[in-house]
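Make a model of this:
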Amino acid sequence: MTGYLRRLATTGAAYTASSVISKLIAVALLPLYTRYLTPADYGAAEVLITGVIAASIVIRLGIIEALLRFYYQAGEDPDQVVKTAFASLLWTTTIGLAIALPLAEPLSRLLLNHSDPNLMRIAIFGLWVFTMFEFLTALFRLDERAKAYFAFTVSNVLVTIPVTVWLVVGEDKGASGLLVGQYATGAAFLAGLVIAQRRRLALVPDFALLRRMLRWGLPTMPAELSLYSLNFIDRLLIVRLVGLGDAGLYSLSVKFAQAVNVLVKGFQLAWPPLAYSIQDDDEARRAYAVIVTWFVSVTTFFVAGLWLLSRWIVRALAAPEFFDSYKTIGLVSTGVMLYALYLVLVIILGRTGRTEFNFPATGAGTVVNIALNLLLLPSMGIVGAGISLVASYAVVLVLMYVFTQRLFKVPYEWARLAQVAALAIVLVLAGELLLPTSGFWGLAGRTALWLAYPLLLWATGFLNDEEREAAGRVLSPAYVKAALQRLREAPPPESEESEDEETEPEEMQGRGPRLTRETLEAEQRDEDAIR
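Take a look at the predicted model:
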């Protein structure tokens, strides 16, 4: 089973490279943005950005999801699938733009609780850019051009950052500077993609093919929207019940949870191809159980660190008026981890073919999220939103567990999972109850508690015999020395590439690893797909 763990770790790291870069840059810029933006400005921008993603799920009518299925489906012409998908998205997004622009003023009141039609118009334009950008960057992945995808997305980030900084800091544009910086540069890169891919695009769809794609894609929309709404509804309710400034604080805590999000990003891209590649059902059950245990243990380590060190993180990276955002960093990080476990169960349902169970679970989670936010926000503020997020994801997870265990029973390692959770809870409680909440000694003591987590797991017998043997082998001086020796003696990359070119078909040369449809669908759901 350790082979599956190594494979998951390797592919996950490869898929998440561009995401890591964009998230690191985003976190590094927080000290700057939080000193030039008020919490209300930051909250308005983040509410509209998340609103753009939610609206994009609706306006694309499941077409991007259908593209990822029909492109690889036997009997369909891949070129015609791309043309039809582009034409239909172009028309739906353009019509949506025409309808929404005259409604900018009432829409801004609905989302922001005050009138700001100009900011709303920027977001409406951003909806068009974001949706078409998602489609055209998906073509890189369909063509398996991993290097080109990485270069393009990172270039977009590196251009967006200075433009946004200039608008926010140099021109003092506030929330509109954040939105214009993101969507204007995205539009420029989008235009370049349209020119580069123009021979594959069309203005008129194949209507028979479009009907088939809509018949498959439309039913995916409710489940996807209800799941994403857990990241959106709470912010709208915070604006209404607490205030736009508190929405900014909550949004900042989401940014600080990026350490866990990076892990989840890599996992959600690497997990589907690994899960589906295991043909034997009994072996798959055992592998799934071990992978869940290790993923939870690694993710819990980072979540515990964010719980313990949240105050110092905010002090280091944000202006003083944003300090209260520390209160929900741990809760949001826990919610992100639960979301990742939901992804595990989604793939298990996909293995059984019974994907109709997704929406009942996500729909129930949405109802719980709304009810708890209405109940807790007036008295607890953003902490109530964090509790609601964790509780709603827990409901989704429990329901998905019940559904999947009926269809594909997995022998989860409950004793080891309980050990992971109990140890993390004890360490976090010890830090909160016994150690200072400021100063050097508070930071040093909490850091020591956090770093003690993996050592205590080892000392309390978390590893099984196979894992202990593998860990001892990897950590032994002889193994490390041999690995370094192999690295020094490895042939140069050019020779490897030339060797691959001799064995691969010509049309496959220069391409990255083939991505599955499920991998690409997971990528589409990622909130952090914003460039």
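
hey, let's count contacts and neighbours off CA atoms from now on
Noted.

low-confidence ranges in the stretch 201-350 of the chain?
Low-confidence segments of the stretch 201-350 of the chain, defined by pLDDT under 70, span residues 219-220, 223-224, 226-227, 230-231, 265-274, 276, 350.

now stretch 421-440: mean pLDDT?
When pLDDT is averaged along stretch 421-440, the result is 92.

Alpha carbons only: can I get it in PDB?
Presented in PDB, the C-alpha positions along stretch 421-440 are these (Å, rounded to 0.1, in the frame of the first residue of the first chain):
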ATOM      1  CA  ALA A 421      -8.100  13.500  15.600                       C
ATOM      2  CA  ALA A 422      -7.700  13.000  19.400                       C
ATOM      3  CA  LEU A 423      -4.000  13.900  19.400                       C
ATOM      4  CA  ALA A 424      -4.600  17.100  17.300                       C
ATOM      5  CA  ILE A 425      -7.500  18.200  19.600                       C
ATOM      6  CA  VAL A 426      -5.300  17.600  22.700                       C
ATOM      7  CA  LEU A 427      -2.400  19.700  21.300                       C
ATOM      8  CA  VAL A 428      -4.700  22.500  20.200                       C
ATOM      9  CA  LEU A 429      -6.500  22.700  23.500                       C
ATOM     10  CA  ALA A 430      -3.200  22.600  25.400                       C
ATOM     11  CA  GLY A 431      -2.000  25.500  23.400                       C
ATOM     12  CA  GLU A 432      -5.100  27.500  23.800                       C
ATOM     13  CA  LEU A 433      -5.600  26.900  27.500                       C
ATOM     14  CA  LEU A 434      -2.000  26.800  28.800                       C
ATOM     15  CA  LEU A 435       0.100  29.100  26.500                       C
ATOM     16  CA  PRO A 436       0.200  32.800  26.000                       C
ATOM     17  CA  THR A 437      -1.700  34.400  23.000                       C
ATOM     18  CA  SER A 438       1.000  36.800  22.200                       C
ATOM     19  CA  GLY A 439       4.800  37.300  22.400                       C
ATOM     20  CA  PHE A 440       7.800  35.200  21.700                       C
END
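
Any buried residues in it, and which?
Neighbour-count burial for stretch 421-440 flags 423-424, 427-428, 431, 435, 437 (criterion: 16 or more other C-alpha atoms under 10 Å).

again with stretch 75-92
The neighbour-count check on stretch 75-92 (16+ other C-alpha under 10 Å) flags 78, 80-90 as buried.

Which residues does stretch 391-408 contact?
230, 335, 338-339, 341-342, 345-346, 348-349, 352, 357-358, 361-362, 364-366, 368-369 (C-alpha atoms under 8 Å, 6 or more residues apart in numbering).

Mind checking which of the buried residues of stretch 75-92 are in helices?
Using DSSP state H, the members of the buried residues of stretch 75-92 that fall within helices are 78, 80-90.

circling back to that earlier point, which of the buried residues of stretch 75-92 scores worst on pLDDT?
When these are compared on pLDDT, Pro78 comes out least confident, at 81.

measure Gly96 to Val47 for me?
When distance is defined by C-alpha to C-alpha, to the nearest Å, Gly96 is 19 Å away from Val47.

So those two - more neighbours on which side?
More neighbours sit around Val47 than around the other of Gly96 and Val47, counting by other C-alpha atoms under 10 Å; the figures are 24 against 16.

And the helix or strand that the more buried one is a member of, what does it pack against?
If you go by DSSP states H and E, Val47 is part of helix 39-59. Here helix 39-59 touches helix 78-100, helix 104-112, helix 117-142, helix 175-196, helix 220-229, helix 244-256, going by 3 or more C-alpha pairs under 8 Å, 6 or more residues apart in numbering; DSSP states H and E.

Just want the angle from the fourth one to helix 117-142.
With axes from the mean of the first three to the mean of the last three C-alpha atoms, to 10 degrees defining the directions, helix 175-196 sits at 40 degrees from helix 117-142.

Okay, buried residues for whichever helix or strand comes after helix 175-196 please.
Later in the chain than helix 175-196, the nearest helix or strand by DSSP H and E is helix 207-217. Neighbour-count burial for helix 207-217 flags 209-210, 213-214, 216-217 (criterion: 16+ other C-alpha under 10 Å).

Counting by contacts, list what helix 207-217 packs against.
With contacts defined as 3+ C-alpha pairs under 8 Å, 6+ apart, helix 207-217 has these neighbours: helix 63-70, helix 78-100.

Export the shortest one to PDB, keeping only CA atoms.
Okay, so that is helix 63-70. Backbone C-alpha positions of helix 63-70 (Å, rounded to 0.1, in the frame of the first residue of the first chain) are rendered in PDB as follows:
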ATOM      1  CA  ILE A  63     -21.200  22.500 -20.700                       C
ATOM      2  CA  ILE A  64     -17.600  22.500 -19.500                       C
ATOM      3  CA  GLU A  65     -18.300  19.400 -17.500                       C
ATOM      4  CA  ALA A  66     -19.900  17.800 -20.600                       C
ATOM      5  CA  LEU A  67     -16.900  18.900 -22.700                       C
ATOM      6  CA  LEU A  68     -14.600  16.900 -20.300                       C
ATOM      7  CA  ARG A  69     -16.800  13.800 -20.800                       C
ATOM      8  CA  PHE A  70     -17.600  13.900 -24.500                       C
END
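
so it versus helix 78-100, what angle?
170 degrees.

which other helices and strands contact helix 63-70?
Partner elements for helix 63-70 (3+ C-alpha pairs under 8 Å, 6+ apart): helix 78-100, helix 207-217, helix 517-524.

for the second one, the distance to its chain's centre please.
This points to helix 207-217. When C-alpha coordinates are averaged (C-alpha atoms, centre = their mean, to the nearest Å), helix 207-217 and its chain have centres 28 Å apart.

Could you list the residues in contact with it?
Against helix 207-217 from outside (C-alpha under 8 Å, 6+ apart): 61-67, 70, 81, 84-85, 88.

Of these, which is the nearest to Ala151?
Ile64 (22.1 Å; C-alpha to C-alpha).

Let's have the buried residues of stretch 421-440 in a markdown table, adding secondary structure and distance to Ile382.
Output for those, formatted as a markdown table (DSSP: H, G, I helix; E, B strand; the rest coil; distance: C-alpha to C-alpha, whole Å):
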| residue | secondary structure | distance to Ile382 |
| --- | --- | --- |
| Leu423 | helix | 27 |
| Ala424 | helix | 23 |
| Leu427 | helix | 24 |
| Val428 | helix | 20 |
| Gly431 | helix | 22 |
| Leu435 | coil | 24 |
| Thr437 | coil | 20 |
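
Let me have those in TSV, adding distance to Ser325 as columns.
Shown next, in TSV, are the buried residues of stretch 421-440 (distance: C-alpha to C-alpha, whole Å):
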residue	distance to Ser325
Leu423	25
Ala424	22
Leu427	22
Val428	18
Gly431	19
Leu435	20
Thr437	15
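
Looking at the helices and strands packed on helix 63-70, spot the one closest to Ser277.
Each of the helices and strands packed on helix 63-70 has some distance to Ser277 by C-alpha to C-alpha; the shortest is helix 517-524, at 12.1 Å.

Roughly how far does Gly245 sit from Tyr412?
From Gly245 to Tyr412 the distance is 42 Å (C-alpha to C-alpha).

quick one, which of these two is more surrounded?
Neighbour comparison, Gly245 and Tyr412: the larger count goes to Gly245, with 20 against 17 (by other C-alpha under 10 Å).

Verify the stated contact: the more buried one with Glu46.
No: when contacts are counted by C-alpha atoms under 8 Å, Gly245 is not listed as touching Glu46 (11.2 Å).

what's the closest residue to Gln182 other than its chain neighbours in contact with, if anything?
Here the nearest residue to Gln182 in space, its sequence neighbours aside, is Thr160; by C-alpha to C-alpha, 6 or more residues apart in numbering that works out to 5.9 Å. Contacts here follow C-alpha under 8 Å, 6+ apart; on that basis Thr160 touches 181-182, 185-186, 531.

quick check, nearest of these to Val154?
When those are compared for distance to Val154 (C-alpha to C-alpha), Arg531 comes out closest, at 8.6 Å.
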